[in-house]
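> prediction below, plus the sequence it came from.
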Amino acid sequence: MVVLVSGGGTNLQALIDAAADPDYPANVVAVGSDRSGIAALDRAAAAGIPTFIASPDHYPDRTTWDTALADATTAYRPDLVVLAGFMRLVGPDFLERFPQRVVNTHPALSPAFPGMQGPRDALAYGVKITGCTIFVVDSGVDTGPIVAQVAVPVLDDDDAQSLHDRIKEHERELLVRTVAEMVTGTYRIEGRKVVRT
């Protein structure tokens, strides 16, 4: 798999650690980012994994950037692309290159609380349970078919950071497990429904 990142890389590290087990059915062949100088790229370098950067600032428009990102990713011939804290929306060219093979994580129980502030929005709404979602990326914002979810209780003394930290613990475990299931071909997509076979 190719993993795309924008920040600290804790989900990436979970995948790197899982792939160190010879029985894990996937490995990280490259890590790409939309910016330099981030901890996730340091994690990849420490593990000896090739990296690439496709910064939108280096391209005249979003379409050109999307094509460049798709080209850089395609060069590694991944079976699966994982957006692990990647804070950009991939576009049509990227998704056409990897049909139903791009997955993302979201720190809420989709379709609730889409966007970048899921834990904060869940707290503001007053829900008692939130969680994390792994989904197949489509052209919307956190709208793709849901592959897996885990519920996380909201505690009375939670703030956005404490809730997000707890969600991320579950998210890492869920991502590792879900990637293993997906690369072994144990799923298919029927409309909006992801069916395990």
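Yep, that arrived. Just so it is clear, the model here is predicted, and its values are computed rather than measured. Numbering: from 1, shown residues only.
> strands of this structure, residue ranges please.
Ranges of strands in the chain, per DSSP state E, are 2-5, 30-33, 51-53, 81-83, 102-106, 129-136, 146-153, 187-190, 193-196.
> which residues are in contact with the fifth one?
Contacts of strand 102-106 with the rest of the structure, by Cβ atoms under 8 Å, 6 or more residues apart in numbering, involve 11, 80-86, 90, 94-95, 114, 118, 132-137, 142, 144, 147, 171, 174-175, 178-179, 182. The C-beta positions use only the backbone N, C-alpha and C, and glycine is treated the same way.
> cutoff 7 Å now
11, 80-84, 90, 95, 118, 132-137, 142, 147, 171, 175, 182 (Cβ atoms under 7 Å, 6 or more residues apart in numbering).
> how about it: buried residues?
Neighbour-count burial for strand 102-106 flags V102, V103, N104, T105, H106 (criterion: 16 or more other Cβ atoms under 10 Å).
> swap in stretch 146-164?
I146, V147, A148, Q149, V150, V152, V154, D158, L163, H164.
> of all those, which comes closest to S33?
H164 (20.9 Å; Cβ to Cβ).
> contacting residues for the nearest residue to the closest one once chain neighbours are set aside?
Closest residue in space to H164, ignoring its immediate chain neighbours: P119 at 4.1 Å, by Cβ to Cβ, 6 or more residues apart in numbering. P119 makes contacts with P107, T130, A160, L163, H164, I167, as judged by Cβ under 7 Å, 6+ apart.
> one more time with 6 Å
By Cβ atoms under 6 Å, 6 or more residues apart in numbering, the contact set of P119 is P107, A160, L163, H164.
> just I146 next, same as before
Counting by Cβ under 6 Å, 6+ apart, I146 has contacts S110, T133, F135.
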